[in-house]
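Visitor: Give me a 3D structure for the following:
(chains A and B)
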Amino acid sequence: MKDFAALYRELDASTSSLAKQAALQRYLRAADPADAAWAVYFLAGGKPRQLVPTKLLRLLAQEAAGLPEWLFDESYEAVGDLAETIALLLPAPSETHELGLAAWVEQHLLPLRETAKAAPDELADRLRAQWRRLAAEERLVYFKLITGAFRVGVSKLQVTQALAAVGGIDAKRVAQRLMGYTHIGARPRAADYGTLIAPESDAEQVQKTSGQPYPFFLAHPFNQPLAQFDAALGPPSDWIVEWKWDGIRAQLVKRAGVAWLWSRGEELVTERFPELAALGEALPDGTVVDGEIAVWREGRVQPFAELQKRIGRKTLGPKLLREIPVVLLAYDLLEWEGRDLRALPQAERRALLDELVARLAHPLLLPSPMLEGADWADLARQREAARSMGVEGMMLKRRSAQYGVGRTKDVGVWWKWKIDPLSIDAVLVYAQRGHGRRASLYSDYTFAVWDGPPEQAERKLVPFAKAYSGLTDAEMARVDAVIRRTTIESFGPVKSVKPTLVFELGFEGIARSARHKSGIAVRFPRMLRWREDKPVQEADTLQTLAALLPS
Amino acid sequence: MPAQPEDLVVARPEGLYCPPGDFYIDPWRPVARAVITHAHSDHARTGHGHYLAHTDSAGTLRARLGADIALQTLPYGEAIEHHGVRVSLHPAGHVLGSAQVRLEHGGRVWVASGDYKTEPDGTCAPFEPVPCDTFITESTFGLPIYRWPSQAQLIAEIDAWWRANAEAGRASVLFCYAFGKAQRILHGVDASIGPIVVHGAVEPLNAVYRAAGVALPATLRVTDPGVDAALLKRALVLAPPSAQGTPWMKRFGAYVDAFASGWMQLRGTRRRRGVDRGFVMSDHADWPGLQQAIAGTGAERVFVTHGSVQVMVRWLSENGLDAQGFKTEYGDEDDQEAPPPAGEAAPA
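Guide: Numbers count the residues shown, from 1 in each chain, chains lettered A, B, ... in the order given. A predicted model of the protein is given here:
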């Protein structure tokens, strides 16, 4: 545990990816394989199910620190992270230990979940006994593991690279072996870690009986002006051009008679989409299709908000399934007849996919159409229809591209050629302090538009969106200072602010919503720029916002 | 409780005012008579008719506010009478010459703390609790999450960091406030690890400390003969936060940087600062220090200034004291978010 806490501190403190990579490799080489198995699990984003109810944890920490609730809350608000707050407030440790990470996780942390269920009376004593033994630095990691907020500035790709270096093997192979490793119920052992870094054998193929997907290949943004397209990309005939769907990226895996549906976050979502599970059953064994889950009605894709209605539901009744039908818009074939196709050129994979789609003729498996254009200007004209079609723009996939791993460009490239976001000038009306790097800074804002034109008497500001991103650190520091000066009232952590700040907000989609006060919901709102030139009175209105709604 | 007619200190737009004595303490607007707790720029401002401060503040005050200011100085513990108010200065442990101001009039005793730190650091007279009826306290770090490591532990961490960097052949750049913190670090570190280089904003203050008898190791400027790339690779470099990201930094090559501030206690501020390492080091009292200082005065009435005013007022009230806030315009020289106040980076 000490070594893992030291690694955490080192990764957290450093801003250099070289230094982080070196620290990761140093740790993995020195660690007991059982500890390394868990370290990889957490560093690659694994999260066990909630171990202790957060409320209880807060209460115990508050008691141990001898603080009233309000003061604990004030502290939490300043720190912006529960685990860190608790680690800072607890009295110094009174005992010591020599246990490794695996021992802590398996013997102390994970059993807390059982204790919480079977003997809730003992939970408090167990927790207190545990944190009494941990040094301050270990406590931060310990509480982060408990609260499920374990994040440190390394990407899964960096972990993959470190494992590849330690094992002396290809990073792509490691990426594949890692698929499913961070599953919520996973209990990685020393042997699992051994498998991650084991030498590659010629016989190592896709594990035919497992439901593991391939690492998703991700697109890069393409923002060049049209005049540059020919120079940058060559002729459109070198490319497969498709719509960029606004759904859930997914792989449908069928092996050994069982279908598995994985979302891009490596979450198994088979049960969320029973109709796609049924589609999967209909696929031949040894097939993996890559595509987008989307709500499809009357021959066209529906806004993402529709899909959200399904994601949010605990139970999927027949009515919901009927009213919000989904399809898989397929655009790639990664495995066919048990063979990994990823090294084949994009165009060949697509041809095989089209063959499969045609032969299966399943109503829920739609091929993502390939768009044709005489030249880039022609395609740019077609792209203008994106908004009305409910898509985000176009995808450009080089015909010769292999299917890479993650956001890489070494074996092929996918570009996303998105349309400009919708935008509106809105007024900052509420602010809340951020978390992590933005702790204590007012960085999370609520924005409003006027409910009437300037000539209307007594018009009001109506909140319609929250946004957190888009400002530079320097801008945020200035906005933070204005918020502190112009705070009107505090509602817990939220401050209402005198309306003085106008921002241009960009968003990807807009839909009517009964759940929002403004009657409108926007998708992916973010700040495009701070309109310091614009007085509050000139911000946009609910009417201008409504005019952006699709007809 | 509102201000009472017999109060020895009240808040006025110009600053904290003593009505019977007709003078101000650390006023932020020009006034006729000002008692200055210490020479940081937010407490010692320009334009007052007459200044009263501790003897050890004279050098910095004159350097910053002008050699010709009307300045009267007092050693700690010695009292003067002004309009019937007995005024004396007592160590605040914040920086060299920093003082708490004790006021006695009509049988009442008030103490205004200015900025203070309770743990001794060897570079200035340690904080002394001064018994009083009413205590005016700062609250910069008035939340229980702020608990400082001991001075010994802090210095050991800095030494270990410097030593490891020197062994790796990389300069150790430590950003710290030029007045107070820099001298604390110099006084504490193990100078046998390597040469020590200081920024132009730091050296004049070193001279003030040395003149006051504080032991500081030898320091070099980057312009001194013999300061070359080879020497810098083993050096500890002390620079004000404003030097971060400036061309002055280029000469240090592949240096490792760190920041010394109480705010480094929080992971978020550490990361936002964008340095390799954050050392938790402040010239202000931490939460236990504030509580200990307030209790040590025996005061039943407490006024809280700059920092976590609301939190401290509520906490003290719940603990049976008569507490309220004073609105002031003091900044926080420890606040890494704010640009350094003009003139403070180079007090000449």
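
Visitor: just for the chain, where's the confidence low?
Guide: All of this refers to chain A. A:202-210, A:266, A:312, A:314, A:436-437, A:551 (pLDDT under 70).

Visitor: that's the wrong chain, I meant chain B
Guide: Across chain B, the ranges flagged by pLDDT under 70 are B:1-5, B:331-348.

Visitor: List, one by one, the residues from it near chain A.
Guide: Contact residues, chain B versus chain A (Cβ under 8 Å from any Cβ of the partner chain): B:143-145, B:147, B:265-272, B:274-278, B:308, B:311, B:314-315, B:318, B:337. For the C-beta atoms, the positions are set from N, CA and C on the backbone; glycine is no exception.

Visitor: Show the buried residues in these.
Guide: Buried members of the residues of chain B next to chain A, scored by 16 or more other Cβ atoms under 10 Å in any protein chain shown, are B:143-145, B:147, B:265-272, B:275-278, B:308, B:311, B:314-315.

Visitor: and the residues of chain B next to chain A, which of them are in strands?
Guide: Cross-referencing these against strands under DSSP state E gives B:Arg277, B:Gly278.

Visitor: In helices, which of the residues of chain B next to chain A fall?
Guide: Mapping these onto helices (DSSP state H) picks out B:Arg267, B:Gly268, B:Thr269, B:Arg270, B:Arg271, B:Arg272, B:Val311, B:Arg314, B:Trp315, B:Glu318.

Visitor: Which single one of those is nearest to chain A?
Guide: B:Gly268 (2.8 Å; Cβ to the nearest Cβ).

Visitor: domains of the chain?
Guide: Just so you know, I chose chain A. Here the domain assignment for chain A is A:2-147, A:220-418, A:422-546, based on automatic domain parsing.

Visitor: Actually, chain B is the one I wanted.
Guide: Here the domain assignment for chain B is B:10-145+B:283-325, B:151-279, based on automatic domain parsing.

Visitor: Let me have those in JSON lines, adding distance to A:Leu11 as columns.
Guide: JSON lines is the format used below for these (distance: least, Cβ to Cβ, whole Å):
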{"stretch": "domain B:10-145+B:283-325", "distance to A:Leu11": "22"}
{"stretch": "domain B:151-279", "distance to A:Leu11": "11"}
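
Visitor: A:Leu109: which of those is closest?
Guide: domain B:151-279 (21.1 Å; Cβ to Cβ).

Visitor: How far does the closest one stretch from one end to the other?
Guide: 11 Å (Cα to Cα, to the nearest Å).

Visitor: need the helices for the stretch 401-550 of chain A, in chain order.
Guide: A:473-486, A:542-546 (DSSP state H, counting those that start in this stretch).

Visitor: And the closest residue to A:Gly434 other than its chain neighbours, how far from A:Asp473?
Guide: Excluding the flanking residues, the one nearest A:Gly434 by Cβ to Cβ, 6 or more residues apart in numbering or on different chains is A:Ser443, at 3.5 Å. Distance of A:Ser443 to A:Asp473, computed by Cβ to Cβ, to the nearest Å: 10 Å.

Visitor: Please say which of these two ends up with more neighbours.
Guide: Set side by side, A:Ser443 and A:Asp473 show more neighbours around A:Ser443, with 25 against 14, by other Cβ atoms under 10 Å in any protein chain shown.

Visitor: roughly how far apart are that one and A:Ser155?
Guide: 22 Å.

Visitor: Just the C-alphas of stretch A:462-472, formatted as CSV.
Guide: Only the C-alpha atoms of stretch A:462-472 are listed here, as CSV (Å, rounded to 0.1, in the frame of the first residue of the first chain):
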residue,chain,number,x,y,z
VAL,A,462,-34.4,31.9,-17.4
PRO,A,463,-31.6,29.4,-16.7
PHE,A,464,-31.3,26.8,-19.5
ALA,A,465,-27.8,25.2,-19.4
LYS,A,466,-24.8,24.4,-17.3
ALA,A,467,-21.3,24.5,-18.7
TYR,A,468,-17.9,23.7,-17.2
SER,A,469,-15.5,23.8,-20.1
GLY,A,470,-14.1,26.1,-22.6
LEU,A,471,-12.2,28.7,-20.6
THR,A,472,-8.5,28.9,-20.2
